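*Asks:* sequence and computational prediction follow.
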Amino acid sequence: MDGITARACSAGLLASFLSMSGCSVLDGVTNAIAPTPRATPGQVGNVTGFLGGVVADEPQAALTGRAILSAGGNAADAATAMGLMLSVTLPSRAGLGSSGGCLAYAPDTAGPGGGAAEALLFPAIAPLRPGNADRPASPPMLARGLFALQAKYGVRPFETLISPAEQAARFGLPVSRALVADLAVVAGPLGVDPAARAVFFKDGHPLAEGDTLVQPDLGSTFSQLRTGGVGDLYQGQLARRLEDAMPSAGGGLTVGDLRAALPRFVTPITLEGPQSDTVAFLPLPLDGGLATAGAFQVLVQDRGSPDPGVLARAQARALGLATAARRGTVDPAAALAAAAPAPAVGPLPASTSFAALDRDGNAVVCAVSMGNLFGTGRVARGTGVLLAASPIKVPQPLLSAALAFNSNLHAFHAMSAGSGQEGAPVAAAFGLLAGLGGRLPASPPEPGRANVIACTRYLPDTNGSCGWSTDPRGYGIAVGSN
């Protein structure tokens, strides 16, 4: 983790997987956001003591989420700020052009969701009339998705959550190891686009770790979103600028495509979990949720055994269910009650995940993707927006997230999200069961990576039982305050 040392997790927390990776506060990092005495709401230090925790695959995004919790924001506010910051610091997987889904939970039965988990979907959408576009793009879904999440579940003004990403894009941040790893994979094709080359290359070479990533056009777009509202990207001046940039970007998007790109709240897939919990998964059309639910079924049945064969069966069931979903319409309940077909899922694109938990037990976990590393590989000129690949051009990722809560206790228990192409569903299921106290090997199988937050004695109840973890094989951090 870039030389940062993590302190130990809460005693006994997630004794297998989570104890191997960084949980709780990070030495040498939290000094940058140390509490300010008598800080007012909106200032870091407004909340002291137990804040909750955040986790992301890129360090600066996680630190931004923690700062929001410290300033009095809740889990939805923190997740929104993290997602927006990721569009600056990890645009290869979470740019403004990305699509995805989130699970949100508020324990208050009088609050949003009525005391149950709810899913927010903002999936990739194909252009209505791409014409002769050589690299069809999906409408940018992240801003509208996060705005919907925060409008329903958040408490802070949305424009204050845009500001960290705006400042980071405008003035620059050091390039993280996570972004460098992705650049190394696709630097050749990415460098063909002049607008992308101007952002991600220096002196003819891809940016290296520690170089400054400056994105002035993206900063201006964030400024317009902050002052003019998110709707401007979908039916205002920004929407027209995106449409005007399509001939050079080859994306084929129109203002009509952007106007029609709407997120929606829906009921998640649910299963009964251990300890009378309800476990929620992302619903269709994000078939990674169905795949995660199938993997979780297998792992729960054999939760007392760390046998690698269990993980292989979980992987086969997950990919089999994804195969069924991609062959046609399926009923999730019926699919989870039946045998899955043989897996037939080809190469899949990369994704990333992030999660936030606040002191009151509000929780959000999200998985997003550009449909390909760096999406179409082209930046819409004058906007700084890296365009995501259209689903008519590339297979969709298995966006995988799960959240466990207890309706009787009105309390959060655990949540997990996975990445790693075909390994994402098993990683998410693995991480969730680890958070629920299951005996498992140290890490989910390759290429899966898991981000986990869990409270072994529920929240709100015993905040000392809470911990957070990012996969030790990745480049993210998990940070909070106990």
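*Replies:* All right, it came through fine. Numbers count the residues shown, from 1 in each chain.
*Asks:* got the contact list for Pro108?
*Replies:* No, residue 108 isn't Pro; it's Asp. Asp108 makes contacts with Gly115, His410, as judged by C-beta atoms under 8 Å, 6 or more residues apart in numbering. Yep, even glycine has a C-beta here, placed from its N, CA and C like the rest.
*Asks:* how close does the residue lying closest to Gly97 once chain neighbours are set aside sit to Asn463?
*Replies:* Distances taken as C-beta to C-beta, 6 or more residues apart in numbering place Ala388 nearest to Gly97, at 3.8 Å, with adjacent residues excluded. In this structure, Ala388 and Asn463 are 38 Å apart, going by C-beta to C-beta, to the nearest Å.
*Asks:* secondary structure element for Ala334?
*Replies:* Take DSSP states H and E as the rule and Ala334 turns out to sit in helix 332-337.
*Asks:* in that helix, which residues are buried?
*Replies:* By neighbour count on 16 or more other C-beta atoms under 10 Å, the buried set for helix 332-337 is Pro332, Ala335, Leu336.
*Asks:* in CSV, could you pull the C-alpha coordinates for it?
*Replies:* Output of helix 332-337 as CSV, limited to C-alpha atoms (Å, rounded to 0.1, in the frame of the first residue of the first chain):
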residue,chain,number,x,y,z
PRO,A,332,-33.7,-14.6,-10.2
ALA,A,333,-35.6,-16.6,-7.5
ALA,A,334,-36.2,-19.5,-9.9
ALA,A,335,-32.6,-19.4,-11.1
LEU,A,336,-31.2,-19.5,-7.6
ALA,A,337,-33.4,-22.4,-6.7
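*Asks:* stretch 245-265 - what's its average pLDDT?
*Replies:* When pLDDT is averaged along stretch 245-265, the result is 96.
*Asks:* returning to what we had before: residues in contact with the residue nearest to Gly97?
*Replies:* When contacts are counted by C-beta under 8 Å, 6+ apart, Ala388 touches 95, 97-99, 124, 137-138, 140-141, 369-372, 375-376.
*Asks:* measure the closest residue to Ala401 other than its chain neighbours to Cys102 for me?
*Replies:* Spatially, and ignoring its direct neighbours in sequence, Ala401 is nearest to Ala417 (4.2 Å; C-beta to C-beta, 6+ apart). Between Ala417 and Cys102 the distance, using C-beta to C-beta, works out to 9 Å.
*Asks:* need the overlap of contacts for the two.
*Replies:* Taking C-beta under 8 Å, 6+ apart as the contact criterion, the residues that touch both Ala417 and Cys102 are Val365, Cys366, Ala367, Ala401.
*Asks:* any idea what the third one is bridged to?
*Replies:* Just to be clear, that refers to Ala367. Under DSSP bridges, the beta-bridge partners of Ala367 are Gly101, Ser353.
*Asks:* which strand in this structure has the most residues?
*Replies:* Secondary structure of the chain read by DSSP state E shows that its longest strand is strand 449-459.
*Asks:* where do the helices of the stretch 101-250 of the chain begin and end?
*Replies:* In order along the chain, the stretch 101-250 of the chain carries the following helices (DSSP state H, counting those that start in this stretch): 142-153, 158-171, 177-190, 194-200, 216-228, 232-235, 237-249.
*Asks:* and these, which is most packed in?
*Replies:* Sort the helices of the stretch 101-250 of the chain by mean neighbour count, taking mean count of other C-beta atoms under 10 Å, and helix 142-153 sits at the top with a mean of 24.
*Asks:* quick one on the thing from earlier: figure out how far the longest strand of the chain is from the centre of its chain.
*Replies:* The offset between the C-alpha centroid of strand 449-459 and the centroid of the whole chain comes to 15 Å, using C-alpha atoms, centre = their mean, to the nearest Å.
*Asks:* extract the CA atoms of that strand and return them as PDB.
*Replies:* Output for strand 449-459, consisting of C-alpha atoms alone and laid out as PDB, is shown next (Å, rounded to 0.1, in the frame of the first residue of the first chain):
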ATOM      1  CA  ARG A 449     -10.400  -8.800  -5.200                       C
ATOM      2  CA  ALA A 450     -12.800  -7.900  -2.400                       C
ATOM      3  CA  ASN A 451     -13.500  -4.700  -0.400                       C
ATOM      4  CA  VAL A 452     -15.300  -5.300   2.900                       C
ATOM      5  CA  ILE A 453     -16.900  -3.400   5.800                       C
ATOM      6  CA  ALA A 454     -18.400  -5.300   8.600                       C
ATOM      7  CA  CYS A 455     -19.700  -4.900  12.200                       C
ATOM      8  CA  THR A 456     -19.600  -8.300  13.800                       C
ATOM      9  CA  ARG A 457     -22.100  -7.200  16.600                       C
ATOM     10  CA  TYR A 458     -24.100  -5.000  14.200                       C
ATOM     11  CA  LEU A 459     -24.500  -1.200  14.000                       C
END
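*Asks:* so what strands line up beside the next helix or strand after it?
*Replies:* Secondary structure here is assigned by DSSP H and E; on that basis, the next helix or strand after strand 449-459 toward the C-terminus is strand 466-470. Strand 466-470 has the following sheet partners, assigned by DSSP bridges: strand 449-459 (antiparallel).
*Asks:* what comes up buried for the strand it pairs with?
*Replies:* Neighbour counts using 16+ other C-beta under 10 Å place Arg449, Ala450, Asn451, Val452, Ile453, Ala454, Cys455, Thr456, Tyr458, Leu459 of strand 449-459 among the buried residues.
*Asks:* most widely separated two among these?
*Replies:* Arg449 and Tyr458 (26.0 Å; C-beta to C-beta).
*Asks:* ok, Phe265 touching Ala119?
*Replies:* Yes - at 6.9 Å, Phe265 counts as touching Ala119 under the criterion of C-beta atoms under 8 Å.
*Asks:* who has more neighbours, these two?
*Replies:* Neighbours around Phe265 and Ala119, counted as other C-beta atoms under 10 Å, are more numerous at Ala119. The numbers are 23 against 16.
*Asks:* who touches the residue nearest the centre of the chain in this structure?
*Replies:* Compute the mean C-alpha point of the chain, and by C-alpha atoms, centre = their mean the closest residue is Ser353, 2.8 Å away. Taking C-beta under 8 Å, 6+ apart, we find Ser353 in contact with Ala56, Asp57, Val365, Cys366, Ala367, Val368, Ser400, Ala401, Ala417, Gly418, Ser419, Asn451.
*Asks:* could you check how far the nearest residue to Val368 once chain neighbours are set aside is from Glu446?
*Replies:* Leaving aside its chain neighbours, Val368 sits nearest to Gly100 (3.2 Å; criterion: C-beta to C-beta, 6+ apart). Counting by C-beta to C-beta, the gap between Gly100 and Glu446 amounts to 23 Å.
*Asks:* am I right that Asn408 is in contact with Thr278?
*Replies:* No - assessed by C-beta under 8 Å, Asn408 is found out of contact with Thr278, at 9.8 Å.
*Asks:* of these two, who's got more company?
*Replies:* Thr278 (19 against 8).
*Asks:* next, count neighbours for Phe405.
*Replies:* Phe405: 28 surrounding residues under other C-beta under 10 Å.
*Asks:* give me the distance between it and Gly49.
*Replies:* Between Phe405 and Gly49 the distance, using C-beta to C-beta, works out to 23 Å.
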